[in-house]
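K.L.:
Fold the following, please.
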Amino acid sequence: MIDAFNARMVDDMKSTFPFPFTALAWALALLTLLAIPSVSALPVDVQAEQKRIELESVVSRELQRVLDKQPRLAGQSKVIHVQAAIDLEQQKLTIVLDRGFVPTINGGELEDLQSLLTVTALHLTDSAAVKVGLVELLCDGRPLSAYFPEETQPSGK
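P.N.:
Numbers count the residues shown, from 1 in each chain. Sure, this is the predicted structure:
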């Protein structure tokens, strides 16, 4: 009687599952499920890195949108690319612009544009609960002061 019951159970299971119902199949299915990590199972460093990458992308897109809306200063290119880089350990945000951002004259309009980009980026990092203590703005890998050295030299007075 028990053999008949077990035979019916096996037949029912075979009709329910499209693959052969064996211990090997169960073991493989279990190993497959265990091999796929969930987001919460990832180490904190990996989660922080994923958050950093996503935030850099969001900040870069928003800075590009803001920059594209601004009128160009004398000497600036019509198309200027911008990219954000975040260093979580140093709590540093670097805004990287291409050489086309550098205008002919270093004046108040350029400072206003730098401030707009900085405030926009800081607003987004604050919204994402990422602490930033230092914002660095680079043009073609160099600080803006490198393009206007006469204004950064101490006066001999």
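K.L.:
C-alpha from now on. contacts and neighbour counts both.
P.N.:
Fine.
K.L.:
outside of stretch 59-76, which residues touch it?
P.N.:
78-84, 100-105, 109-110, 117, 120-121, 124-125 (C-alpha atoms under 8 Å, 6 or more residues apart in numbering).
K.L.:
run the last query once more with 6 Å
P.N.:
Identification of contacts with stretch 59-76 by C-alpha atoms under 6 Å, 6 or more residues apart in numbering yields 82-84, 100-104, 121.
K.L.:
what's the following helix or strand after the helix or strand of the chain with the lowest mean pLDDT?
P.N.:
With mean pLDDT, DSSP states H and E as the measure, the helix or strand of the chain carrying the lowest mean pLDDT is helix 23-35 (a mean of 49). Once the chain leaves helix 23-35, the next helix or strand it forms, by DSSP states H and E, is helix 44-69.
K.L.:
List the buried residues in that next one.
P.N.:
Neighbour-count burial for helix 44-69, counted by 16 or more other C-alpha atoms under 10 Å, picks out 52, 55-56, 58-60, 62-64, 67.
K.L.:
May I see those residues organised as CSV, with pLDDT and distance to residue 46 added?
P.N.:
As requested, the buried residues of helix 44-69 are arranged in CSV below (pLDDT from 0 to 100; distance: C-alpha to C-alpha, whole Å):
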residue, pLDDT, distance to residue 46
52, 90, 10
55, 94, 14
56, 95, 15
58, 95, 18
59, 96, 20
60, 97, 21
62, 97, 24
63, 97, 26
64, 97, 27
67, 97, 31
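K.L.:
from those residues, which two are the most distant?
P.N.:
Spatial extent of these (C-alpha to C-alpha) is set by the pair 52 and 67 at 21.8 Å.
K.L.:
quick one, phi psi at residue 82?
P.N.:
Residue 82 adopts backbone torsions of phi -130, psi 150, taken as degrees, to the nearest 10.
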